[in-house]
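Trainee: Here's my sequence, what's the structure:
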Amino acid sequence: MKKDFVIRGQTASGETEILEFGGYKEGYAYKLIEFQLWGSTNIGGAAAEMMGSITAGKTAVAPTDPNFNNEGLIGVSYYADHDSEAYGPVVGSVLNDTFMITQNLILMVQDIQNNPINWQCRFVSHKMADAEAAATNFKQFSIFDE
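Mentor: Numbers count the residues shown, from 1 in each chain. This is a model prediction of the structure:
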């Protein structure tokens, strides 16, 4: 089985995307290892501030107001750039790369200028033993069922 893979796309500001893991291979889970954002308009000449969140819960977590006490929140990303060359871009991500993914995820993005946002996520596959698979599936179900 392929070890790592990328899911990427472009989403309108304030909207959500479902990252499909429904057809995953039996006995495997996935870990989020990278989450990046990139602008879609006038990248070289405008100020930008973008945020994104990824959750395993039932509803999206607003990327403008993440709460790290939320067990289902497994990734946030931030990109900001000033229109002056005196200031460089600010980029950051916080990922729970120990969270074992076996169900679909919800990605949400927000741009202060309401432009669409390009995003990219990298995942790595992890082979699980039967007991680990049962515990992982139960944890995902309990987070989703809250």
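Trainee: Return the per-residue confidence for residue 26.
Mentor: For residue 26, the pLDDT comes out at 75.
Trainee: That one and residue 72, how far apart?
Mentor: Between residue 26 and residue 72 the computed distance is 23 Å (C-beta to C-beta, to the nearest Å). Using the backbone N, CA and C atoms, a C-beta is placed for each residue, glycine as well.
Trainee: Neighbour count: those two, which is higher?
Mentor: Neighbours were counted for residue 26 and for residue 72 using other C-beta atoms under 10 Å; residue 72 has more, 21 against 6.
Trainee: Give me the distance between that one and residue 123.
Mentor: From residue 72 over to residue 123 the distance is 17 Å, taken as C-beta to C-beta.
Trainee: ok, residue 110 - contacts?
Mentor: Contacts for residue 110 (C-beta atoms under 8 Å, 6 or more residues apart in numbering) come out as 13, 14, 50, 51, 52, 62, 63, 64, 117.
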